[in-house]
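1. Fold the following, please.
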Amino acid sequence: LSIFMIVSCNTYKNTYDDYKTLNIVNEIEDNIEWLNEDLFQGNINQEQYNIMKESYEETLTLLKK
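-> As a prediction, the model looks like this:
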């Protein structure tokens, strides 16, 4: 019974961690869309855009490993 409980808890934790990671990935992807809109509307310049987008993409790359 205790082995089942350990496996069950670990599975839940892994599923929860995957869910949290997916939410973070979705938030970063949303931020990139807003960043594109900010550039289009002139709220930021191209240099600011490039720096922020590169940072977001690096974070996504790390999360998706």
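2. Which positions within stretch 56-65 qualify as buried?
-> For stretch 56-65, the buried set under the neighbour-count rule, 16 or more other CB atoms under 10 Å, is empty. Where you see a C-beta, it was placed from the backbone N, CA and C, and this is true even at glycine.
3. Just the CA trace of it, in CSV.
-> Provided in CSV are the C-alpha atoms of stretch 56-65 (Å, rounded to 0.1, in the frame of the first residue of the first chain):
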residue,chain,number,x,y,z
TYR,A,56,11.6,35.4,-23.6
GLU,A,57,12.8,33.0,-26.2
GLU,A,58,15.8,31.9,-24.1
THR,A,59,13.4,31.3,-21.2
LEU,A,60,11.1,29.3,-23.4
THR,A,61,14.0,27.2,-24.6
LEU,A,62,15.1,26.4,-21.1
LEU,A,63,11.5,25.5,-20.0
LYS,A,64,10.9,23.2,-22.9
LYS,A,65,14.0,21.1,-22.3
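4. Quick one: mean pLDDT over it.
-> The pLDDT scores in stretch 56-65 average 89.
5. Give me the contact list for it.
-> The contact list for stretch 56-65 (CB atoms under 8 Å, 6 or more residues apart in numbering) reads Thr21, Ile24, Val25, Ile28, Glu29, Asn31, Ile32, Leu35.
6. distance of the residue most central in space within the chain from Asn43?
-> Residue closest to the mean C-alpha point of the chain, counted by CA atoms, centre = their mean, is Val25 at 2.1 Å. Distance, Val25 to Asn43, by CB to CB, to the nearest Å: 24 Å.
7. returning to that earlier point: which residue is the nearest non-sequential neighbour of the residue nearest to the centre of the chain?
-> In this structure, Val25 finds its nearest non-sequential neighbour in Leu63, 5.6 Å apart by CB to CB, 6 or more residues apart in numbering.
8. who are the neighbours in contact with Glu54?
-> Contacts of Glu54 by CB under 8 Å, 6+ apart: none found.
9. Likewise for Glu29?
-> Leu60.
10. so which helix or strand takes in it?
-> Per DSSP states H and E, Glu29 falls inside helix 2-41.
11. Alright, calling it a day.
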